[in-house]
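Enquirer: Return atomic coordinates for the entry below.
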Amino acid sequence: MRRAKNFAFDIVAEALWPTRCAICDKPGFVVCDDCSDRIDYIDVLSSCPRCGSPYGSVQCCECNDVAIDAIGLDSFPFDRLASAVRIDDDSKRLVTVYKDHDEHRLAPLIAKTMSRYIDPDWVDDANNAESDQTFITFIPATAEALNRRGFDHMEKIAELVAKYAHLRSLSVFERPKSLDQRKLNRRERAKNMKQKFQIRADVELPSKLIVIDDICTTGSTMFGAALSLREGGCEKLFGLTFGKVC
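Expert: Coordinates of the predicted model:
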């Protein structure tokens with residue numbers, strides 16, 4: 001009876017609010033085939049093996065010593081960092097429609113895409129002791145964003161990425177204060193994010209973590225999170241984002 005009610009509700013909902021492509025608004029699809037084919041996936045063979053910057057496999061201009069020093073860091077804070085797609089109007093709209101327009105059906109697509117960019121070297125053998133296993137964690141939404149949206153968009157993605165990668169998710173950060181970085185340059189963003197992430201008092205940090213977020217612009221948010229995790233004792237640290245602004 002419950003399934004019949006849900007089925008009837010879905011029919012009525014689809015009649016009143018028909019599904020439309022999140023990118024081009026074409027009816028009948030959450031993401032239509034044409035738009036799906038246009039998504040600009042990053043080629044891991046040509047990207048930087050350390051920071052994931054596209055075309056940085058030979059010489060990267062984003063994570064070399066000069067670039068890292070320019071944002072006030074002594075060294076690159078991750079063991080590895082990767083992104084799945086280049087951010088353009090299409091991929092940016094995917095993220096925006098998901099988190100700001102409540103299209104939760106995009107979450108599996110985003111999470112499954114991200115899970116394919118988890119290098120096997122990041123993940124320990126399932127037979128290892130629990131303390132040696134790699135966990136998925138996420139950059140939490142601010143309290144203001146959570147109140148506005150009604151859900152933490154990256155918490156949901158983290159759970160799905162963990163499911164697809166056969167790992168476990170773990171919430172390790174306190175919810176950060178609202179930070180407006182739109183008018184700051186790269187160095188100012190890094191300084192603004194430094195020490196802004198606090199580890200939850202009720203969490204025992206695992207030694208190996210994969211930190212995920214939706215979009216990497218300058219890297220300041222991810223780097224701020226990484227610095228806190230390093231100080232908390234995390235030994236192996238990897239980063240993964242859906243999109244990379246190039």
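
Enquirer: quick one: which helix or strand includes the residue nearest the centre of the chain?
Expert: By Cα atoms, centre = their mean, the mean C-alpha position of the chain lies nearest to residue 213, the distance being 2.3 Å. Assessed by DSSP states H and E, residue 213 sits inside strand 208-216.

Enquirer: and that strand, which strands flank it?
Expert: strand 135-138 (parallel), strand 236-244 (parallel) (DSSP bridges).

Enquirer: Break down the protein into its helices, ranges please.
Expert: 2-16, 33-38, 65-70, 89-100, 107-115, 143-149, 153-165, 186-193, 220-231 (DSSP state H).

Enquirer: Isn't residue 44 up against residue 82?
Expert: Yes. At 7.2 Å, residue 44 counts as touching residue 82 under the criterion of Cβ atoms under 8 Å. All C-beta atoms are positioned from the backbone trio N, CA, C, and that covers glycine.

Enquirer: what about those two, which has more around it?
Expert: Taking other Cβ atoms under 10 Å, residue 44 and residue 82 do not tie; residue 82 has more neighbours (26 against 17).

Enquirer: The more buried one bridge partners, please.
Expert: residue 240.

Enquirer: mind listing what it touches?
Expert: 42, 44, 47, 52, 117, 118, 119, 238, 239, 240, 241 (Cβ atoms under 8 Å, 6 or more residues apart in numbering).

Enquirer: For the protein, give me the ranges with low pLDDT.
Expert: 1-17, 124-132, 178-184, 186-195 (pLDDT under 70).

Enquirer: Residue 172 is nearest to which of the helices of the chain?
Expert: helix 220-231 (7.4 Å; Cβ to Cβ).

Enquirer: What residues of the closest one count as buried?
Expert: Buried residues in helix 220-231, counted by 16 or more other Cβ atoms under 10 Å: 220, 221, 222, 223, 224, 225, 226, 227, 228, 229.
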